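J.: here you go, sequence then predicted model.
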Amino acid sequence: QVQLEESGGGSVQAGGSLRLSCAASSGLIFNNYFMGWFRQAPGKEREFVAATTWSGRSTQYADSVKGRFTISRDMAKSMVYLQMNSLKPEDTAVYYCALDRGTRTYDVWGQGTQVTVSS
């Protein structure tokens with residue numbers, strides 16, 4: 001069973017940048033698996049942010065982050081990253097990485113990392 005652990009959250013002023021990391025361990029990950037980033041702000045439902053196939057051939061972004069966030073992965077290190085630039089206060093949330101093992105359902109989740117953007 002793959003386990004996921006996020007890191008890299010923190011507090012930043014609007015316009016700043018952060019890079020989140022997600023370490024995948026204890027299990028096999030295949031090229032067609034999707035690794036995704038989601039976020040949940042206080043009082044709101046969890047929402048999709050970005051995703052990539054483990055092969056890196058396909059990426060997806062929420063409209064709200066297109067042009068500002070970039071998802072990438074390092075297969076050798078079993079890591080997935082989310083580079084977040086031009087951060088806005090509305091990006092404040094707990095960010096989670098998750099794994100879709102080819103079932104179109106994200107069924108493996110990390111514990112989350114807090115991102116706070118101040119104006």
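T.: Cool, the structure landed. Residues are numbered from 1 along each chain as shown.
J.: the spatially most central residue of the chain and S119, how far apart?
T.: Central residue check for the chain by CA atoms, centre = their mean: the C-alpha nearest the mean position is that of W37, 2.6 Å away. Applying CB to CB, to the nearest Å, the value for W37 to S119 is 23 Å. For the C-beta atoms, the positions are set from N, CA and C on the backbone; glycine is no exception.
J.: residues in contact with the host helix or strand of S21?
T.: In this assignment (DSSP states H and E), S21 forms part of strand 18-25. Here strand 18-25 makes contact (CB atoms under 8 Å, 6 or more residues apart in numbering) with 2-10, 12, 35, 37, 78-84, 87, 95, 97, 99, 110, 113, 115.
J.: need the buried ones from the residues you listed selected in ChimeraX.
T.: Typed into ChimeraX, the next command selects the buried ones out of these (criterion: 16 or more other CB atoms under 10 Å):
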select :2,4,6,8,9,12,35,37,78,79,80,81,82,84,87,95,97,99,110,113,115
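J.: with that, I have no additional questions.
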